[in-house]
Every structure is written in C-alpha cells, then in structure tokens.
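with the input below, show me the fold.
(chains A, B, C and D)
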There are 2 protein chains.
Amino acid sequence: MSDKATIYDIAKKLNISAATVSRALNDHPKTSNKTKILVQETALELGYEQNKLALALKSGRSNTIGVIVPRIDINFFGSIIRGIEDELYPRGYHIIICQTHDNEQKEIQNINALLNAQVDGIITSITKNTKDVSIFERILDKNTPLIFVDRKLNLKGASSVTLDDFKGAYQATQHLINQGCNRITHLTVIGYQSVGIYKDRLEGYTQALKDNDIPFDADLILDIENDINGGKKAGQKILNFKDRPDGIFSSSDFMILGAIKEIKANGLKIPEDIAVIGFSNEPFTKFMENPISSVDQCALEMGKLAAKVFLDQIIDPKLLKVEKNVILAPKLKIRQSSSKKTPAN
Amino acid sequence: MSDKATIYDIAKKLNISAATVSRALNDHPKTSNKTKILVQETALELGYEQNKLALALKSGRSNTIGVIVPRIDINFFGSIIRGIEDELYPRGYHIIICQTHDNEQKEIQNINALLNAQVDGIITSITKNTKDVSIFERILDKNTPLIFVDRKLNLKGASSVTLDDFKGAYQATQHLINQGCNRITHLTVIGYQSVGIYKDRLEGYTQALKDNDIPFDADLILDIENDINGGKKAGQKILNFKDRPDGIFSSSDFMILGAIKEIKANGLKIPEDIAVIGFSNEPFTKFMENPISSVDQCALEMGKLAAKVFLDQIIDPKLLKVEKNVILAPKLKIRQSSSKKTPAN
DNA sequence: CTGTTAGCGCCTTCAC
DNA sequence: GTGAAGGCGCTAACAG
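Residues are numbered from 1 along each chain as shown, chains lettered A, B, ... in the order given. Sure, this is the predicted structure:
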C-alpha cells in the first residue's frame, strides 16, 4: 500500500486500457461519462496520484522554475522569492531555490544544474561580480525564459524587472534638499563591478544636486564596505570634514545605520544636525527608536512581476524571445531621520 | 543547436549503442577506456547534458527535497532554508520551496504537490493551526523521510530538529532574576493551538521562578498578538499594574519591541526601571540604539541539522523509519535592554 | 468512444 | 567489452 498506484493498476482493475484511464483522468472530451466516473472512483480507491515526473519527461515541461539569488536569508531576496511563489504557486509551478553567495562559479553551477533539471524558466539576481555572459546565453539558447530581478545583465532575449534606482536616489536626494540640506554626502558601495544599481544611485544623486544648483563635490562621495562598520568609518570622515555636511544619502541601510551610531556617539543630533536617508527599507529601519528614512525597493512586487513576465513568455511561444524590461518606481519612506520639520513614521 | 542532445545522438555519431554511451558516461567498470574517452569527447562536443528528469523517472529518486514553511520572507525561516541549502546543495540535491501562510489547507496542498513531484524527502515547519495528522502520515506511508524543524508534530516515524524552548525561556528568566528582577511578566502569543513552542517557553519561565522561590502570579502572563501593537497594549497593562513589574520575558521580539516603545513613551527607563528580553534574536534587536537582549534560535544550525538527518535517513534504508529527534540548545544574547550592571552588545 | 502503438531519455538486466 | 530489449509512468497519434 505504501507504493504508488499507476494508471496501469487502474486499467487492470477495470479491464480497460491505460490510455483510456489517462483520458478519463484528464477529462478528455471523447470519453464516456460512465468510464470517467468509474476511473475516478477506482483512482480514489487505489490512492492513485499522477506522477509529475513522468508527465514532465513526456511533455518536456517540468512545471518547475529555478530561482537563483545571492542569499536567501536576506530579507530583500526572501521577499522577492515570496512574490514569485505567491504568483506561481496557484498556476501549478514549483520553485527550486539556489544561492550563489555572490560567487560566480556557484552561479554557473546553479544554472547548469537547473538546466539539467529541465526547469521551465529561470529568474535570477546576478552576483556582484558576474562577468561571464555566456552561461546566460546558454539558458536562452535552450529556449528557456530568463528573467533578471533587481541585479541584471543587458542581454538580448533576456527580460528584467528592476527598480528605477536613479529615480529612487534622485527623490531621496531631493527630499534632503527640501529639508534644507545643501551639503549632502553620498555613501556608495565598493566592490560591485557588475551591478549597475550603485552607479545608477550615484547618478540620481548627482542629477538632483545639479537640478537644484548645488555644486557637486567629489570628496563627498564615500566608497565603503556595505555594513555597519563601513558606515561607522564613513561617519568619522563626515564628522572630520572641515565644512561639515548636513545630509547623507546612503545606498544602503546598513551603512547609514553605522554612520548614525557614529554621529550620535559624537553628540550630534539626527536629523537636526545631519539629516539622513538610506536605501532598501530594511525591516529594522522602521523599528528603530528614531526610525530611519529609506527608499523602498518593492521586493514583493518585483518578485510578482518577474513571475508574470515568465508566465507571459511561457504561455505565448512568440513572446519567448521577446524581452520585456519592467522598471518599478521606488517608494520613499520618510521617517524621523530626515524630517527636520514634521516627524513622521 | 538549441535543443538537447541525448545519449542516442552520441551513440549514432559514434556508431555504438546507447547502452554503451550510458555506461561510458557513468564510468562503468566494464567499459574500455578508449570508448569512455571517445564518448566523453563527443558528449562535450555535442553539448550533451544528462536529463535529470529521465533519470529520476527511471530511478524513482528525484534528488529533490521539499521544504515547506509558513512564510519564506521571515528571517527565521529564510535562515533555516539557507542552512538546508548549504548542506544539501553540495550533495546534489535541489530544494523546492513552498509556503503555507499558516493555512492548513495550503499545507495539505503543498504536501500533495510535493509527493506528486516525487520529492525524496520533506522538511517542514507546521502551520500554527495544523490539526490533521493524516496528511503527514501519508508522507511516511510513501516511505518518504519527514523531518520537522522548529514547529513539530509528534508522529511515530517522523524526525525533528527543534530548539529547547523550555531551556531558552528558563535561561532568559534566570538571567532577569540575576539582574535583580523579582516581579517578571511573561508575554506569550495567542492563537497557536498546535505549536508547542509557546507552551514550552511559558513552562521554562515558570520553572525558573519556582527554582528561585519567586511566587508565580497568573496575572503576570499576558496573552497577546504577536506584533508590535500587541506589545504596546501589553506595555500599557504593565504600566498600570499597581505593583509594577521590573522585568519582562517575551516570547517574541516584536511583542517586546512594542512594549519597549510604550514603556519609554511613558518616561520609564530600560533596563533601569524594567529589564526586558525577547525571543528569536531578530536582526533588528541588535541594531537598535539600545540593543534588545534575546534568545537566539540558531536557525541556520537547525536547517543544517535537518538536512543532515534527512541525509542519514536516505543513505541507510534501515534508518528510514527510525525517527531522530535533535534538540538544540538556544543561545542567550545579552544586550543593553537587560543589563542593569554592565552594558554589552 | 476505446485499444494499440510508440516514445519522452535514461539505465539495467541479459545475452553474446 | 558491447548490443538488444525492456521499462520507469504517462500521453498523443492512429486505428478501429
């Protein structure tokens, strides 16, 4: 009883052919209601369940999609995956998860493994140092839909769902300017050769300054490690500027957290002395005693959209090679750390 | 070129049989080195890759494991999954992710879907209101290894990896007592009928009081919603006690965060007036300006151990039905919110 | 409306 | 050492 019943078991019991059973089970039009009912009853009785593996082998479609992210225990990627799952599960798709740990070799291995597993599509955020495009071309060569989320590569035939990082940075900077800041530093992340998002954020910042006739000062751009310690070091530098900045736009919430700690430790007030805003809207930013303003990346939405793009491509073969690039508008979360006038949540 | 090469393509090109190709590819002993090399070369040339689906159908093993959690975008579950992935990926396993959103119906659907997909095992954390055991029995009936993580069901044949919640609670409470607290409230979560962890935490708390000759007071147990608002309400109640408590042990970090906000808003100091400690060691607890003490649940470790239990069972068929219950010791993270004497991180 | 045949891609006896 | 045959479970084409 422990082992699975097949359509042959049902067929044998009913003295009909397996093909008929298959048709009855799939509600094929050219099957008598009588046999349909009969088959369904015995199926139930025998505890029959369709073996998706056999179906997949037969049809060439596994109803499985591969998702590759740098790390799954980062809230941002977890939310993206949740979005994908929420959208794809009701459509009968399974999601296979892989992590790269930002290692390009693992990325290649993951992709190969997923292709071997005959996934129907791949949704991924590239590693911070992905250089080799050929592995992604292999995906497309196999006519497997490829959709980038957040961190993308420009590749003909590959779709993408990304955030308008430029806009997010622009708005964040403009917001600081509106609060009265006119000497704003920008914290950016070092070591992301292949990821364009930090470049875009820097450009959004630069453009906002320009549009407000604030001179750009290269010294105000601080290249640091994307963690609290990096932020602390940046905080020190900021405090040591002869002409102290009155605002910080950071490309990461962790960096701004470090900077905040350092600044407060030196007796300065946030936002009164220095107004700050981060990027990513990590959960902790709103939990702080003094909540931190941040740019929300709409991770859940990104995941859902990536899944929808995949579905579009898979449903209509004509769209398979038609790339679709969706760009989401970020949402500014204004909180206390940047509200010189009215405190908010 | 876009479509996959099979062993038949290699066979045809070399004028040998597919069986020989298969053997050569699998490094079968009874194959000449010459053909092995020849086959491998043409395999490379043709871009051949083994179709895992066919292999799975043939062998009955999919090299895939199903992981079901309430929600994947919760840090705790994300870390568990990461642990599983880290451990299983090098062994050639894929991980299929499902979410229940704490809905028992979805849980049943997920399990059925995974069984249809012929997964080699299932690792799961049950929903907060799972009642029906039969679906889990079905898993075992199919000789599929079943391992619970964190939230478990007592089921003969099913293994589990859990935290010693009793111990964590006991230690947290003892720690507060050591800090000089002698009137300690406990915040517990309502609405978790089937999850034993909150009961265990309550018991750990109770035992610690008893061992320190502190009388148990049922009024000090507050049943609340597991979120910040629930915590705020609890905070109000605590402030209104005629004999105000001097310590709080909370079964959740979110609840304690709400309580802290409420208490501070009323001008009381933490930990001086009320020392507090939470549970889960959510990332935000250590990022706060005044970091919150908490009980770490070793999520990564739990995931890794669950994966190891699975491997043990799958490797040795004799162990398949031998349940293994691993209980991890929690780690107290003492921080400012409960350090009346020495501040710490 | 139903049965027969064939094949998805692979591996594993069984012969030779 | 290698080839031929069969089957994992399912469905689609072709007959009837």
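
quick one: pLDDT of the residue nearest to residue A:232 when sequence neighbours are not counted?
Spatially, and ignoring its direct neighbours in sequence, residue A:232 is nearest to residue A:258 (4.1 Å; C-beta to C-beta, 6 or more residues apart in numbering or on different chains). For the C-beta atoms, the positions are set from N, CA and C on the backbone; glycine is no exception. Looking at residue A:258, its pLDDT reads 96.

within range of DNA strand D, give me the residues from the stretch 1-150 of chain A.
Neighbours of DNA strand D within the stretch 1-150 of chain A, by C-beta under 7 Å from any atom of the strand: A:4, A:6-8, A:18-19, A:22, A:25-26, A:48-51, A:54-55, A:57-59.

could you redo the last one with a cut-off of 10 Å?
Within reach of DNA strand D by C-beta under 10 Å from any atom of the strand, the stretch 1-150 of chain A has these residues: A:3-11, A:17-26, A:28, A:30, A:43, A:48-59.

now name the helix or strand holding the closest residue to DNA strand C within the stretch 51-200 of chain A.
As assessed by C-beta to the nearest atom of the strand, DNA strand C sits closest to residue A:58 within the stretch 51-200 of chain A, at 3.5 Å. In this structure, residue A:58 sits in helix A:52-59 according to DSSP states H and E.

centre of the chain to that helix, how far?
Distance of helix A:52-59 from the chain centroid (C-alpha atoms, centre = their mean, to the nearest Å) equals 30 Å.

ok, now stretch A:294-308?
Averaging C-alpha positions (C-alpha atoms, centre = their mean) puts stretch A:294-308 6 Å from its chain's average.

and that stretch, what's buried?
Neighbour-count burial for stretch A:294-308 flags A:294-308 (criterion: 16 or more other C-beta atoms under 10 Å in any protein chain shown).

so which of the residues you listed is the closest to residue A:92?
When those are compared for distance to residue A:92 (C-beta to C-beta), residue A:307 wins out at 12.6 Å.

in space, what's closest to the closest one - neighbours in sequence excluded?
Counting by C-beta to C-beta, 6+ apart, residue A:87 is the residue found nearest to residue A:307 once chain neighbours are left out, at 3.6 Å.

what's the neighbour count on that neighbour?
The tally of other residues near residue A:87 (other C-beta atoms under 10 Å in any protein chain shown) stands at 19.

ok, the residue in the stretch 201-345 of chain A that chain B sits nearest to - contacts?
Proximity of the stretch 201-345 of chain A to chain B (C-beta to the nearest C-beta) peaks at residue A:284, 3.7 Å away. When contacts are counted by C-beta atoms under 8 Å, 6 or more residues apart in numbering or on different chains, residue A:284 is found next to A:253, A:257, B:283, B:284, B:287, B:288.

what secondary structure does it sit in?
Counting by DSSP: H, G, I helix; E, B strand; the rest coil, the backbone at residue A:284 sits in helix.

picking that back up, isn't the residue nearest to residue A:307 up against residue A:308?
Yes. Proximity of residue A:87 to residue A:308 meets the contact threshold set by C-beta atoms under 8 Å, at 6.3 Å.

ok so residue A:122 is a strand residue?
Yes. Secondary structure of residue A:122 (three-state DSSP): part of a strand.

so it bridges to which residues?
Beta-bridge partners of residue A:122, counted by DSSP bridges, are residue A:66, residue A:146.

surely it touches residue A:66?
Yes. With contacts counted by C-beta under 8 Å, residue A:122 reaches residue A:66, the gap being 4.6 Å.

check whether the helix ranked longest in chain A contacts DNA strand D.
Looking across chain A with DSSP state H, the single longest helix is helix A:299-315. No. Helix A:299-315 lies out of reach of DNA strand D by C-beta under 10 Å from any atom of the strand, never closer than 16.2 Å.

what pLDDT, on average, does that helix get?
In this model, helix A:299-315 carries a mean pLDDT of 95.

the next helix or strand after it packs against which elements?
The helix or strand immediately downstream of helix A:299-315 is strand A:325-328, counting by DSSP H and E. Under the contact definition 3 or more C-beta pairs under 8 Å, 6 or more residues apart in numbering or on different chains; DSSP states H and E, strand A:325-328 sits against strand A:159-163, helix A:299-315.

parallel or antiparallel, list what pairs with strand A:325-328.
Note on strand A:325-328: by DSSP bridges, its sheet partners are strand A:159-163 (parallel).

other residues contacting the partner strand?
A:145-150, A:152, A:197, A:297-298, A:302, A:305-306, A:309, A:313, A:323-328, A:330.

distance to residue A:334 for the helices and strands packed on strand A:325-328 - can I get that in a markdown table?
Output for the helices and strands packed on strand A:325-328, formatted as a markdown table (distance: least, C-beta to C-beta, whole Å):
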| stretch | distance to residue A:334 |
| --- | --- |
| strand A:159-163 | 18 |
| helix A:299-315 | 19 |
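
among those, which comes closest to DNA strand C?
That would be helix A:299-315 among these, by C-beta to the nearest atom of the strand, at 18.3 Å.

confirm the residue nearest to residue A:307 sits in a helix?
Yes. Looking at residue A:87 with three-state DSSP, it is inside a helix.

can you get me a residue count around residue A:250?
The local packing of residue A:250 (other C-beta under 10 Å) involves 33 other residues.

pretty sure it contacts residue A:184?
No. Contact criterion C-beta under 8 Å: residue A:250 and residue A:184 do not qualify, at 10.6 Å.

say whether chain B is contacted by stretch A:265-277.
No. Counting by C-beta under 8 Å from any C-beta of the partner chain, chain B is not contacted by stretch A:265-277; separation bottoms out at 10.3 Å.

now do the end-to-end distance for that stretch.
The first residue of stretch A:265-277 is 18 Å away from its last residue (C-alpha to C-alpha, to the nearest Å).

what's the answer for stretch A:241-253, then?
With C-alpha to C-alpha as the measure, stretch A:241-253 spans 22 Å from end to end.

show me which of the contacts of strand A:159-163 are buried.
Buried members of those, scored by 16+ other C-beta under 10 Å, are A:145-150, A:152, A:197, A:297-298, A:302, A:305-306, A:309, A:313, A:323-324, A:326, A:328, A:330.

who's in contact with stretch A:14-22?
By C-beta under 8 Å, 6+ apart, the residues outside stretch A:14-22 that reach it are A:7, A:8, A:10, A:11, A:31, A:35, A:38, A:39, A:42.

just checking, which of these belong to helices?
Assigned to helices by DSSP H, the following of these qualify: A:7, A:8, A:10, A:11, A:35, A:38, A:39, A:42.

measure residue A:217 to DNA strand D for me?
Distance of residue A:217 to DNA strand D, computed by C-beta to the nearest atom of the strand, to the nearest Å: 65 Å.

which residues touch that residue?
Counting by C-beta under 8 Å, 6+ apart, residue A:217 makes contact with residue A:183.

just the one 10 residues further on next, same as before
Applying C-beta under 8 Å, 6+ apart to residue A:227 gives the contacts A:254, A:255, A:258.

let's see it at 6 Å
By C-beta atoms under 6 Å, 6 or more residues apart in numbering or on different chains, the residues touching residue A:227 are residue A:254.

how deep is the nearest residue to residue A:179 once chain neighbours are set aside tucked in, by neighbour count?
Distance criterion C-beta to C-beta, 6+ apart; nearest residue to residue A:179, sequence neighbours excluded, is residue A:340 at 4.7 Å. When neighbours are counted by other C-beta under 10 Å, residue A:340 registers 15.

since that was my last question, I'll sign off now.
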